[in-house]
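Undergrad: pasting the sequence and the predicted model now:
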Amino acid sequence: MKRKVLSFKGGIHPTYNKELTKEKEIEKVEAPSIMEIPLVQHIGAPAQPLVKAGDFVKMGQLIGACAGAVSANVHASVSGEVLSVEPKMQTAGMVSTVVIENDGKDERDSGIQGIVSIDKLTTDEIINLIKDAGIVGMGGATFPTHVKLNPPKEHLIDTLIINGAECEPYLTSDYRVMVETPEDIVNGGRVLIKVLGIRKAYIGIEDNKPKAIRAIEQIIQNDETMEVAVLKTKYPQGGEKQLIKAVTSREVPSGKLPSSIGCVVINAGTVAAICKALISGMPLIERVVTVTGVGIKNPKNLLVRLGTPIRQVIEQCGGLAPDCKKLISGGPMMGIAQYTLDNSVTKGTSGILAVMESDDISENESSCIKCARCMDACPMGLMPLKIMQGIKGGHEDEAMEFNVMDCIECGCCSFICPAKRPILQYIRTGKAKMRLKRN
Amino acid sequence: MGKSIKLILILSVISLLSGAVLSLVYSITSPTMEAVALENQQKSIFEVLPGIESYREYKNDESMLIYEGLSKEGNVIGLAYVAEGAGFQGRIKLMIGMDIKSKRITEYKVLEHQETPGLGAKINEEGFKQQFSQKPWTEPFKVKDDIEAITGATISSRAVTELITKSLDEVLQIVGSDEQ
Amino acid sequence: MKAYKEFIKGLWDENPVFRMLMGMCPTLAVTNAAVNGLAMGIATAFVLFSSNIIVSLVKRLIPNEIRIPAYIIIIATFVTIADLFLAAYFPDIHKVLGLFIPLIVVNCIILGRVESFASKNNVLYSAIDAIGMGVGFTWALTLLGIIREIFGMGSIFGVTVMSSSFTKWVIFILPPGAFLTLGVMLWIINSLSKTKTSESHCH
Amino acid sequence: MNTLTVTSSPHVVHHDSVPKIMYRVIIALMPALVASVTVFGIRVIIVLLTSIFACVVTEYLFQIIRKRPVTISDGSAVLTGILLALTLPPNLPLWMTFVGSVIAIALGKQVYGGVGSNIFNPALLGRAFMLITFPVAMTTWTTVDAISSATPLNLLKMQGVSTEYLRLFLVNIGGSLGETSALAILLGGFYLLYSKVIDWRIPFTFVGTTLLMAWIAGSNPVIHLFSGGLLFGAFFMATDMVTTPLTKTGKLIFGIGCGLITGVIRLYGGYPEGVMFSILLMNAFTPLINRYTRPKMYGRVKSNG
Amino acid sequence: MNQIYLVSISAMGGIGIFFGVLLAYSSKKFAVEKDERIEKIEEILPGANCGACGHPGCTSYSEAIVNQAESIQLCTVGGAKTATKIGDIMGVLIDESLITKVACVKCQGGFNCLDSFEYKGVEDCHTASLMYRGQKSCKYGCLGLKSCMKICPFNAITMNQFGVAQIDIDRCNGCELCIRECPKGIIEMVPNDKSVHVICKNKETAKTVKPKCKVGCIGCKLCERVCEQKAIEVKDNLAKINYNLCTGCNACVIKCPVKAINTKTE
Amino acid sequence: MLKDLLLIFIGAVLVNNFVLSRFLGVCPFLGVSKKVHVAFSMGIATTFVMTLSAAATWLIQTFILDPFGLGRFLQYVSFVLVIASLVQMIELFIKKTSKDLYHSLGIFLPLITTNCAILGLALLSVNKTYNLAQSLVFGLGAGIGFTLAIVIMAGIREEIDSADIPEGLKGAGITLLTAGILSIAFLGFSGLISM
Ligand SMILES: Cc1cc2nc3c(=O)[nH]c(=O)nc-3n(C[C@H](O)[C@H](O)[C@H](O)COP(=O)(O)O)c2cc1C
Ligand SMILES: Cc1cc2nc3c(=O)[nH]c(=O)nc-3n(C[C@H](O)[C@H](O)[C@H](O)COP(=O)(O)O)c2cc1C
Ligand SMILES: Cc1cc2nc3c(=O)[nH]c(=O)nc-3n(C[C@H](O)[C@H](O)[C@H](O)COP(=O)(O)O)c2cc1C
Ligand SMILES: Cc1cc2nc3c(=O)[nH]c(=O)nc-3n(C[C@H](O)[C@H](O)[C@H](O)CO)c2cc1C
Ligand code: SF4
Ligand code: SF4
Ligand code: SF4
Ligand code: SF4
Ligand code: FES
């Protein structure tokens, strides 16, 4: 039987380059002697520091407390002495960072205990456990998951979509999780079905990952509540709005949340992390990171403690090629370029990518020739060239007229542009200036 | 109310003065203008009807303006009439002369046209005009066959040709019916 | 000194055509030959001169509500005089300028100067201003006419200057040529001088 | 450790580029060029080189004087030169070709700020300028043998003579350089469609509308299809992305508009050919079309399904 | 011939009376209050439409003055002179102490200051500052990507040989647009008549500043000591001049070891 | 009859477009073509005034000037007076009755007084000896032709607003060049209908 492959309008087909790490099993990385754990690893208010220099912390101990409606807990990923708590430049900007000298003993916090039977817990109890474990979206947005699981009352949720699309080129961390521990995802999914009080969950996987599709389907064979939605391989298939459109044919209204149309989307890695945290009781202190790119000698999928400096992670993979000019945290489409190897791996670091300057980046920028390819590629149906024109000319209001705020910053427009216009960068500038104006 | 009266008064006085001045100027210039107009008309009639001594209006109504050209003896030796039709850009207005004795066209003169200079405007040049002189009234003639078109301005050439043949027919009809 | 300044500004700094962009219609329409430009310029200058003087004489008598109609009547009277005069004594030129003689009435230069200058200054300065503007308008139109005539007809003031093998550039005497020539002239003049041509001053 | 480069995402880009697009169009023009050389001989090459040279030099000088980066290597000036040359009559004096090419690049492109910013199709603007400036030379269709021959369209208009269809399709002497073979034009056109440089909408609606009008007016659509610049214009000139609408709806409107105007001019107008004027006129409308046709945005639906 | 005079005079007289009546009637009937002051104020305003007054343009500012009793001192471009003139029309007295101020870029870094990374992308200071606050290792450092230069309506800003924005005080009209534009917040208004300025905003300690920037203020307090007018105070590792006291003697300029105090008279 | 009116209409809109081939109303065409919606309002206001003044001047010509033989020398004065007063009254009327309408159309009315397209239209109608219906259609067509030209120009100017145009050409220069090109393109309609 040939299955229907789901898709959305727009999007692009970059070179995926997933072969570099696709078949590499997840390896565990030793935590280095100095760990720098930022207190902001999520969207929202920074966590409140609970430790100070000189304190001794244990693995899994809460060191930053969730502060506010949208915020998340931060835990120590090793045991050892706190050297300092000070602002440091991280990928997310200048944030307060707890520096810990790892004593190498990995002493567990005494409060940590696994849960025997999840069935006995109430919905609120589960959500609280997820909150305590400091779980945030690991698909890149790092939105605190407990908030997502608590949608506004007037939103009736009927569908959960587990996002296993991993449409970003190069990255394979979700893929490895789906292939190696599919039961974590399925069990986590079942918990979430219960929490949301719904009947159906879809696991969206792109059709270039047949192994993952098979692995999951084997487990849910007789489960009515779960179904694998096979998606067309196209970027940004994993984008929340595009995924919802592909799976349910619904569109999230502009400026609204997915929950307003009854959908919740959660990344596959996040679901696995929820399952693990509930079972073992150990909060989120490590994640799978794909370390890849031509600039890396030995590309791998690694299980990394949060707070490990990128330098350490790269060394695990044989180090950086000497002529590597660019290092990216995340995938090549949405990832953030790093200016130093000292930044830490955080909850949102799905990959570390080292590319050669000459690899992909073309510098011969020219004028827009109005080919409209950016418009055809934009998954949001925007007119990127017009937005860019407005922002470039200093007329942000013109960009507003072209709905710049609906842009999901997927980068399809910049990717496809034959004139190599930095469209998305203009859009970001425009958005920033607009926010400035409002304040 | 005083203000309104003032407005009306001033505007009226200005209009009045303007009317007075203009009628004065007009009365000074109008004889000259009339003379000029007459001269132009004469010139074109004399031009298309060579050999006449004087002329008189034969018919002047909405449809047609026809003159009779008189010889020294006062005999009608030719007709001249004004014809108007569509050209390439705008209207073309011609004064066309007819020789009664030979029943042929004498010549035409372009009174007004808006054809392209260098192209259609050549309808006003001798080279093109000459082709029409001595063409008989009754045998229709056509561009390409009888008249060589101006290079790059076939439309204007055709327009003039058609205008002449068509208006000739009309004039002949009018004149013919009057004679009966 | 002030009088000199009022005169000279119309020639370049506040040239009605190249700097103020006033009276564009006749500027474009009649400059397909140098002589037409010259004639149009002189006719306009005459109207401008006369109306400026009259308006600066009677300005105090005219209430605001009927200012525009009153000025326009004055202007239109002079235009009619010019029209009749040309028709009687220069019938050929009158025929070529055609519709654009009456349109001097609504040429923004006239009303513009009358409104902004003559209605505020005394007779002497108004007259000088009118002469300056008039001469400025005239030279601009004549120059445009010369350029368009040379390229379009190969002649200047009707005198053939190009060799017989010269191919006439017909576009110069057609409507597009008017726009293009003036556009390029503005470009050259803007590049030559420091201050920029203003947007149309009529409006 | 070397200093790293920081740029905004995305960090990878598609391999297509403006020069590649331009060179693809140039390749697509090769069949028409070969057909032209076969019919008119080596003179075609001379005309072609003159106009390319003039275009490139004009672009270069303009950019040097304005202290802007020189973009002649992107191929757009070369392309304009080729397209312009292919729309000219065979025996046009070379200096006129030169003038037209200079106008095409200077007035058609550089005054608006160079590639991508122009409103009107530069090559067509150059041609229109030449047609109006040198009307006699531009409407004198002499073949190499200097035999004066009327274009089929002229024949159709003037006398209603039709030429045999197959000959029209294969070789068609008496038109512009590029119009010699409908077959060659279609070859290039379909290559462009296939390589996704152009969208089918403009050429098909353009040609379709013109033919429909001709048919309704009782004129022979086949002759209208294969003669004059219709195919050449529809595939190579009405598809220039810079000067045509952005959206698909906009492209349909553009194509239909071109078709209507071409039809009106061919059937009722003073000029025998309307393709050039129709494209230029629709170019003028393009900003307005863009203003009123917008793509359907995600998340702006009333009902959810 | 006499008849034509009569007819035309009476026709014109008739037309004149007719329209005179019409206009008189309609100007009464449809009269709308219009304040002449608006036009007058508009004539006085510079017409740059720069928006520094907070209104979309000079016209709307003049309307606001008349209709909404908006302050008459908002036009920084026109300065005190304009305000006085508007005051004459509106019958308002203005604050005579309005001193003209000009903008000053408080950074001399540029090539004197290390970069943390190589920035590539859109040439715009906001854009660059979105990524790690821009490529300069000093967080107070001018990024040199010309945002202020592009926004200045009076072309008063150029980039100097160090790649830092510099303001031509003769051209600066004090509209403050550049101050709002600079993402680094390093442009400040300074009195037009003073020439000595601390051209740095770095509040970090000498230890942090020294390795990054050759010309950054290190808070050494030499200037404080050398100033006889007691016009300089070092606070938060940064020297600050009290312009009310400064006489422009240049003592501090000569003394400053890193040349962070400088004169801008040219 | 109907065909005749249609021809007059098409002629005024396309073939002999007032701005692009007759050079009437060029000043507002250059000055008020920066924004499409403004240009459109200006066009509509002009069309309105043109149609009305075509009727008014026709009446004056037919019932006052012609019967008394004053056409040759009182035409201009009476026509401009009629137009100026008409415009001023419309303006006052709109201002009083509808604030919105005044803001979208009324503010353009004073500009229209000194727009030679209106007077040109009146004089052309008389020259062509049009009857009342023909004059009205001619006025309407000319107005629509003007609107068409100015809206196209505004669309183009909005588009090139952010383009890198040579300094000396910005504003009026490039507008004139564009008008020249438009005029070339409109030449394509020549010969369509000969009037
Ligand atoms: C352009 C774009 C692409 C994305 N691609 C993926 C993806 O491939 N996989 C994924 O899990 N999330 C992806 N996301 C994030 C999702 O939109 C969504 O935030 C996430 O699936 C929600 O799960 P989380 O909160 O558990 O991370 C993408 C987001 C955007 C804007
Ligand atoms: C600017 C321009 C002006 C033209 N003016 C005229 C004209 O006034 N009269 C005319 O018949 N053709 C004129 N034409 C040429 C016609 O459009 C058409 O090409 C010609 O009438 C048909 O051609 P033929 O004479 O070569 O057979 C003009 C062409 C151009 C480009
Ligand atoms: C010669 C030709 C004619 C076509 N005609 C149509 C058509 O009439 N309707 C249509 O939807 N697609 C047509 N297509 C298909 C389109 O090329 C294209 O695949 C389709 O419009 C997809 O739309 P998109 O541009 O939104 O991807 C045609 C393709 C070709 C090559
Ligand atoms: C499909 C296609 C068609 C083109 N057609 C033209 C054309 O007709 N005339 C022209 O000057 N340039 C053409 N170009 C080249 C280029 O777009 C043109 O030089 C730009 O208008 C200059 O900004 C074309 C390019 C493409 C990709
Ligand atoms: S980055 Fe924004 S504008 Fe660009 S394609 Fe993505 S959603 Fe569209
Ligand atoms: S893809 Fe690039 S060149 Fe094409 S329209 Fe968009 S911005 Fe312009
Ligand atoms: S330098 Fe700054 S304050 Fe001075 S005029 Fe320019 S933008 Fe305004
Ligand atoms: S002063 Fe500010 S805005 Fe100006 S270049 Fe420097 S950083 Fe940019
Ligand atoms: S001169 Fe015609 S509108 Fe100004």
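TA: Sure thing, it's come through. Ligands and ions are numbered 1, 2, ... in the order given.
Undergrad: tell me who's in contact with the residue nearest the centre of chain D.
TA: The residue lying closest to the centre of chain D (Cα atoms, centre = their mean) is D:Met237, at 2.0 Å. With contact taken as Cβ atoms under 8 Å, 6 or more residues apart in numbering or on different chains, D:Met237 is in contact with D:83, D:121, D:123-124, D:275, D:279. For every residue, glycine as well, the C-beta is placed using N, CA and C.
Undergrad: now with 10 Å?
TA: Residues near D:Met237 by Cβ atoms under 10 Å, 6 or more residues apart in numbering or on different chains: D:83, D:86-87, D:121, D:123-124, D:127, D:178, D:202-203, D:206, D:229, D:243-244, D:258, D:275-276, D:279-280, D:283.
Undergrad: and what of A:Thr91?
TA: Residues counted as contacts of A:Thr91 (Cβ under 10 Å, 6+ apart) are A:38, A:40-41, A:310, A:329-330, A:335-340, A:343-346, A:348-349, E:132.
Undergrad: please tell me how far C:Gly98 sits from chain F.
TA: 9 Å (Cβ to the nearest Cβ, to the nearest Å).
Undergrad: do the helix ranked longest in chain F and chain A meet?
TA: The single longest helix within chain F, with elements called by DSSP state H, is helix F:132-160. Yes - interface with chain A: helix F:132-160 contributes F:158-159 (Cβ under 10 Å from any Cβ of the partner chain).
Undergrad: poorly predicted segments of the chain, please.
TA: By default, I'm working from chain A. Scanning chain A for pLDDT under 70 picks out A:1-2, A:357-363.
Undergrad: the intended chain is chain E.
TA: Across chain E, the ranges flagged by pLDDT under 70 are E:1-2, E:27-35, E:47-52, E:54, E:56-57, E:77, E:93-99, E:264-266.
Undergrad: what is the burial count for F:Pro67?
TA: F:Pro67 has 11 neighbours, counted by other Cβ atoms under 10 Å in any protein chain shown.
Undergrad: which residues of the stretch 1-150 of chain A fall in strands?
TA: A:26-28, A:34-38, A:48-49, A:56-57, A:62-65, A:74-75, A:80-90, A:93-102 (DSSP state E, counting those that start in this stretch).
Undergrad: deepest-packed of the ones you listed, please.
TA: Across the strands of the stretch 1-150 of chain A, averaging neighbours per residue (mean count of other Cβ atoms under 10 Å in any protein chain shown) puts strand A:74-75 on top, at a mean of 28.
Undergrad: ok so, going back, narrow the contacts of D:Met237 to those in helices?
TA: Short answer: the contacts of D:Met237 in helices (DSSP H) are D:83, D:86, D:123-124, D:127, D:202-203, D:206, D:258, D:275-276, D:279-280, D:283.
Undergrad: mind checking how far the residue nearest to the centre of chain D is from D:Leu125?
TA: Distance, D:Met237 to D:Leu125, by Cβ to Cβ, to the nearest Å: 11 Å.
Undergrad: same deal with A:Glu240?
TA: Distance of A:Glu240 to D:Leu125, given as Cβ to Cβ: 47 Å.
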